[in-house]
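J.: sequence and predicted structure are below.
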Amino acid sequence: MFDLSAYALRFLEYLVLMLLFGVPLFGWYGLRRPALAHALAGWPFMGVLLVSAAVGLVLTGADVVFKTAGIMGMPIADVDRESLGWYLFDTSAGRAAMARGALLIAMVFVLGWHRRRGKVEAAFPFAATLAGGALASLAWNGHAAAGEGVAGAVRLSAGLVHLLAAGGWIAAVLMFLGLLLRGKGAAGNGRLRSTHDFLRGFSTLGTIFVAALIVSGIAHYGDLTAWSLSTLVQSTYGNLLLFKLALFGGMLGLGALHRWTLVPRLERALAGGDPSQEVRALRQSVAAEAALAILILIVVSVLGTLSPA
């Protein structure tokens, strides 16, 4: 029977940590390019990141309590200091949780220090690095850290690459949606032009993320299942994985639609003076891609708890 509260916690951890990684990454990427900086001007980066880091800490603490209760076979209310200490110091997932908490605390201090100095942009590379480490630590919550020796190292490496690439791509999609919603009715001040430049300029980085997801995903599946195709159709894990792949295919299709059709149409409409129809179409398409991304995270939250066999 599915434990919906545990799955909801896993989903929120994935979502918050991916945003914590992706938002400063793209803030750093965009604000270093004059053509893109205008689209990001005025975004409350610091507030979003500080709140997200605090939420991440709360979720990490809750995850530790839930995991301890699950492993020990006790109600959450009965989890005590001794059982928490055992989980944190004697299990790899517990040690990963401690590292995640330390990285998030360090991120709060780094963000606060740069905020007091009034240098928001200077915090982005540090914040992205710390959040990337926190996101990578989630690999120890699933199958990626279950192997040993060389094969285990390959599995873990594939899992880490998959997490970071997914975090960058999903955060980018959500940021693009925010840019399009924020640019509603803003054609006169040039914000839509900057948003268009941002969308077009992301294509190379987006291709890298997608390639990393595909290669690491194939390697991870092959290692987990010994390249057994029957697992895809004969197990709950395989069925959910097929559903995830269908959602991923939908995101790829929408991404191609944006790059080759909707963004060029927006460029032509901006030159013509009235881009409202093209902006609406692009906004709806990016919203659909964001919805698929959220569904993928929900599926992943369940997949990590199932046996691939």
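T.: Sure, I can see it.

J.: and G272, how far is that from R265?
T.: 10 Å (CB to CB, to the nearest Å). In this view, the C-beta of every residue, glycine as well, is placed from N, C-alpha and C.

J.: who has more neighbours, the two?
T.: R265 (15 against 9; other CB atoms under 10 Å).

J.: touching, that one and R280? I think so.
T.: No: if you go by CB atoms under 8 Å, R265 and R280 don't touch, sitting 11.3 Å apart.

J.: buried stuff in the host helix or strand of F109?
T.: Per DSSP states H and E, F109 falls inside helix 92-117. Using 16 or more other CB atoms under 10 Å as the test for burial, helix 92-117 gives 93-94, 96-97, 99-101, 103-104, 106-108, 110-111, 114-115.

J.: just curious, which of these is nearest to L179?
T.: Closest approach to L179 among these (CB to CB): L111, at 21.9 Å.

J.: ok, and the closest non-adjacent residue to Y237?
T.: What sits nearest to Y237 in space, not counting adjacent residues and going by CB to CB, 6 or more residues apart in numbering, is L306, at 4.4 Å.

J.: tell me the contacts of the one you found?
T.: The contact partners of L306, by CB atoms under 8 Å, 6 or more residues apart in numbering, come to 235-237, 240.

J.: got those as JSON lines, with distance to F248 columns?
T.: As requested, these are arranged in JSON lines below (distance: CB to CB, whole Å):
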{"residue": "S235", "distance to F248": "19"}
{"residue": "T236", "distance to F248": "18"}
{"residue": "Y237", "distance to F248": "16"}
{"residue": "L240", "distance to F248": "12"}
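
J.: reformat the residues you listed as TSV; add secondary structure, neighbour count and pLDDT.
T.: Listed next are the contacts of L306 as TSV, based on DSSP: H, G, I helix; E, B strand; the rest coil; neighbours: other CB atoms under 10 Å; pLDDT from 0 to 100:
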residue	secondary structure	neighbour count	pLDDT
S235	coil	17	89
T236	helix	11	91
Y237	helix	20	89
L240	helix	16	94
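
J.: low-confidence ranges, the stretch 1-150 of the chain, go.
T.: Within the stretch 1-150 of the chain, the ranges that satisfy pLDDT under 70 run 1-4, 33-39, 147.

J.: do a quick rundown of the helices in it.
T.: 4-31, 34-40, 45-72, 81-90, 92-117, 120-136, 149-182 (DSSP state H, counting those that start in this stretch).

J.: could you dump these to TSV with distance to I296?
T.: As requested, these are exported to TSV (distance: least, CB to CB, whole Å):
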stretch	distance to I296
helix 4-31	10
helix 34-40	25
helix 45-72	19
helix 81-90	28
helix 92-117	21
helix 120-136	15
helix 149-182	8
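
J.: dump stretch 61-68 to CSV, keeping only the CA atoms.
T.: Presented in CSV, the C-alpha positions along stretch 61-68 are these (Å, rounded to 0.1, in the frame of the first residue of the first chain):
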residue,chain,number,x,y,z
GLY,A,61,14.6,16.9,8.9
ALA,A,62,11.2,15.4,8.2
ASP,A,63,12.8,12.9,5.8
VAL,A,64,15.2,11.7,8.5
VAL,A,65,12.3,11.1,10.9
PHE,A,66,10.2,9.3,8.3
LYS,A,67,13.1,7.1,7.2
THR,A,68,14.0,6.2,10.8
